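*Asks:* What follows is a predicted protein model with its sequence.
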Amino acid sequence: MSPRVLVAMSGGVDSSVAAARLVEQGYDVVGATMKLFCYGDDVPDRPCCSLDSINDARDVAHTIGIPHYVLNLEDRFNLHVIQNFVSEYSRGRTPIPCVRCNSFTKFRDLLAHADALGCDYIATGHYAVARDGGLYRGLDPNKDQSYFLWGIDRQVVARMLTPVGELSKSETRDYARRLGLTTAEKEESVEICFVPNDDYASVLERHLPADAPALTPGPLVTTTGEVIGEHRGFARYTIGQRKGLPGGSAAARYVVAIRPENREVVVGSAEDLAGLGLRLDEVNWLAPSLEPGDRCEVQIRYRARAVSATVLERHDDSLTLALANPVRAITPGQSGVLYGPGGRVLGGGVIG
Amino acid sequence: MRPPVYLDYAATTPVRPEVLEAMLPYLTAQTFGNPSSSHRFGRAARAGVEQARRQVADAVGAEPNQVVFTSGGTEADNLGIVGAALAARERGGSMCAVVSAIEHKAVLAAAHAVCHLGGSEVLLPVDAGGRLDLDALDAALAADPAVVSVMWVNNETGVLQPVGEIAARCREAGVIFHTDAVQALGKVPVSVAELSCTLLTLSGHKIGAPKGIGALIVRDRKAIEAIIHGGGQQFGIRPGTENVAGAVGLGRAAQLAAGEQSSLAERLCALRNELATRLKAAVADLVVNAETSARAPHLLSVAVPGADSEALLMHLDLAGIAASSGSACSTGAVEPSHVLVAMGVPRELALGAIRFSLGRESTPEDIDRAVEVVPAAVAKVRALAGVLGRAGGQADGRTGE
């Protein structure tokens, strides 16, 4: 009997093609769409997670001849992802819910379903490569999504299949067209799935009390402590942000720090944004752990280039790194992902 | 792999060969006419529709001119309830729809639509056995509503509602009574001659006719107003060119269903009871919902404590058993069945509810397969619930909070 795979199908082209390739490779494929949240009728159609997406996934599953189910993980997603998203912003940080979703929802809760269904493997449409128990960057540098996958349990990597990880986006689309999949021309979803219209503050407003400190006005200060205005709630700002700050100074101003304890948003120059070191918390390893003195590359945001770093200290689940070159806007709450030779994901953590 | 076993006949049934045979001439060059046309093509089609009207009428003890074809049960329910509310408004009466809490969504939503039209709705409770609370009905009737709607057979539990008693009380109060008999026809004796209801809903695809055809039996045309508007077909109650082939199919299917009702009921009741007995033996704490109530013979609703019905259905499907968690909805809803909730079944138990429904094509082998597959699926799904927790389990160690 062929090995059975549970493939997470969002209703997008990538996971559609992932499922199709697995069928082609002879696996016993079961498709599943995770229903992760529901805001009722008043939210406009979303590219992911909406009913239309479920229908698209179901249609693709039918086309390629596999069963398809909807798995309701709303409670779990709310618990591990949305609540964390809100609490991180409340602490003046900028979270990446997709990382949490991968770590907790896709590669733990969905994996529990896969186990119950007797699946040997779990697959997604991520542009990353799982090979011989290691996780690597996707081959298409414009699409590589390994940055979002550092938090999954190490033993899961051996059970992951990444059927589109070695394709470019255009190869994926060509493949979908060739099979006549309804999702072939579907637009890319770039927003956070549960944040309508890219307006994350509206999600915070829905989940936090009206007088939450994170959403109430506070002082806008310079790095020297001078108050230069008022902000609209520190959760509405992120490190490195330029838009929405008062003008009037010669040099460009950026948000360089957020201090939730006294509700200050600190503005400064481009130089103030540059950092030469960082601490990672909640560190997770997908390879043997690094020790002080070890070198690797670290990537501090999704679209940033990885830079050389040296491990200074390692404690239980935290890691301190020195960077070879200054990096702009190291942002608490974002992920620091450690890469080794060949683009292998060694591990990662949440920037502290 | 062995062929899958279908135990979801209450959701829909295959078209019976006799029905398809009766329909085919009306889909092809032979008898394709518009029944409203006066020429020979039209007359031939008209004859098919009229024949179907007679067949449907005969099957439920109605008169042919009381049969109004619709696009299905949902439309018939809407026509009955919204149409009766509109007629009441026309008469200067109260635009209030009284429906039981365990109705099909078509009835519940139609009653809700009456509210949006400026009327009101009253939901009647049921007892723990899933039967209508007649005292609540009396209270509602005292307010002289436009229409009362209570289903003949509940589509999830199979519980027979006291429609004879309800009809008598409505008649005495001078209130229009509508009953949705979609799950009753062919499974229990249905006769509007004996039951003094004004309106009755039928659906084709539950009895071997295709999807897209149903009927509302209208025994008093003044009782309802049309809810769609057009060329005056079907007494102006349901305008639009008739679905001739569909009507012909419904006519034939209704004729067959009525004729075979008692023998089918006997056979299905034995199969259903066997399934229930063996499932209870195989899964110690499995509960048969409304077990002690009088039920239609083709429905079996069970609840499995600690199992999530959506996950259970998925496991059953992969193992080749097609069942349902109630009315067909496949978008991963985790709300418990409104029917079970209305009966006072605890939410925890209602979330693990599965409906098996039998039909003409069901065999003893189907029951064997279900009994073989269900216990293992239940065990897997319960183990899964242990891992994931139910309804918002606790966060684990790595939440970072």
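*Replies:* Noted; the coordinates are in hand.
*Asks:* ends of stretch A:309-321, how far apart?
*Replies:* For stretch A:309-321, the first and last residues are 6 Å from each other (CA to CA, to the nearest Å).
*Asks:* What is the distance between that stretch and the centre of its chain?
*Replies:* The offset between the C-alpha centroid of stretch A:309-321 and the centroid of the whole chain comes to 22 Å, using CA atoms, centre = their mean, to the nearest Å.
*Asks:* and what of stretch A:198-215?
*Replies:* For stretch A:198-215 - counting by CA atoms, centre = their mean - the centre lies 21 Å from the chain centre.
*Asks:* where along the stretch 101-250 of chain B do the helices fall?
*Replies:* Listed in chain order, the helices found in the stretch 101-250 of chain B under DSSP state H, counting those that start in this stretch are B:105-116, B:134-141, B:163-173, B:244-282.
*Asks:* which other residues reach the following helix or strand past the last one?
*Replies:* If I follow you right, that is helix B:244-282. Where DSSP states H and E defines the elements, the next helix or strand beyond helix B:244-282 is strand B:287-288. Where contact means CB atoms under 8 Å, 6 or more residues apart in numbering or on different chains, the residues beyond strand B:287-288 that reach it are B:276, B:280, B:300-305, B:349. Quick note: C-beta positions are derived from backbone N, CA and C, even for glycine.
*Asks:* let's go with 7 Å and repeat that
*Replies:* Strand B:287-288 is touched from outside by B:276, B:280, B:300, B:302-303, B:349, with contacts defined as CB atoms under 7 Å, 6 or more residues apart in numbering or on different chains.
*Asks:* Turn those into TSV, including distance to chain A, pLDDT and neighbour count.
*Replies:* Formatted as TSV, the entries for the contacts of strand B:287-288 read as follows, by distance: CB to the nearest CB, whole Å; pLDDT from 0 to 100; neighbours: other CB atoms under 10 Å in any protein chain shown:
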residue	distance to chain A	pLDDT	neighbour count
B:Ala276	26	98	18
B:Lys280	23	97	15
B:Leu300	23	98	26
B:Val302	20	97	22
B:Ala303	18	95	23
B:Leu349	18	92	18
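*Asks:* Pipe the helices of the stretch 101-250 of chain B into TSV and attach distance to A:Val99 per row.
*Replies:* As requested, the helices of the stretch 101-250 of chain B are exported to TSV (distance: least, CB to CB, whole Å):
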stretch	distance to A:Val99
helix B:105-116	39
helix B:134-141	53
helix B:163-173	57
helix B:244-282	43
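*Asks:* burial count for A:Met1?
*Replies:* For A:Met1, the neighbour count with other CB atoms under 10 Å in any protein chain shown is 4.
*Asks:* Show me the beta-bridge partners of the nearest residue to A:Ser2 once chain neighbours are set aside.
*Replies:* Once its chain neighbours are removed from consideration, A:Ser2 has its nearest residue in A:Asp28; the separation is 4.6 Å (CB to CB, 6 or more residues apart in numbering or on different chains). For A:Asp28, the beta-bridge assignment (DSSP bridges) gives partners A:Arg4.
*Asks:* So what's the residue count around A:Asp28?
*Replies:* Residues near A:Asp28, counting by other CB under 10 Å, number 17.
*Asks:* just B:Gly212 next, same as before
*Replies:* Applying the criterion other CB under 10 Å, we find 17 residues in the vicinity of B:Gly212.
*Asks:* Surely it and B:Gly72 touch.
*Replies:* Yes - applying CB atoms under 7 Å, one finds B:Gly212 in contact with B:Gly72, separated by 6.1 Å.
*Asks:* The residue of the stretch 151-300 of chain B found nearest chain A: neighbour count?
*Replies:* Here the stretch 151-300 of chain B gets closest to chain A at one residue, B:Val283, 16.7 Å apart by CB to the nearest CB. Around B:Val283 there are 20 other residues, counting by other CB under 10 Å.
*Asks:* What values do phi and psi take at it?
*Replies:* Main-chain torsions, B:Val283, degrees, to the nearest 10: phi -120, psi 100.
*Asks:* show me the contacts for it.
*Replies:* Under the criterion of CB under 7 Å, 6+ apart, the neighbours of B:Val283 are B:304, B:374-375, B:378.
*Asks:* Spell out which residues of the stretch 201-350 of chain A are next to chain B.
*Replies:* With the criterion set to CB under 7 Å from any CB of the partner chain, the stretch 201-350 of chain A comes near chain B through A:282, A:350.
*Asks:* where along the stretch 251-352 of chain A do the strands fall?
*Replies:* With strands called from DSSP state E, counting those that start in this stretch, the stretch 251-352 of chain A shows them at A:254-259, A:264-268, A:274-285, A:295-299, A:307-315, A:318-328, A:335-339, A:345-351.
*Asks:* Buried residues, the fifth one. List them.
*Replies:* Read it as strand A:307-315. When neighbours are counted by 16 or more other CB atoms under 10 Å in any protein chain shown, the buried residues of strand A:307-315 are found to be A:309-311, A:314.
*Asks:* go on, stretch B:86-106?
*Replies:* Within stretch B:86-106, the residues that qualify as buried are B:86-89, B:93, B:95-104, B:106, counting by 16+ other CB under 10 Å.
*Asks:* can you check stretch A:78-96 too?
*Replies:* For stretch A:78-96, a neighbour-count test (16+ other CB under 10 Å) marks A:78-96 as buried.
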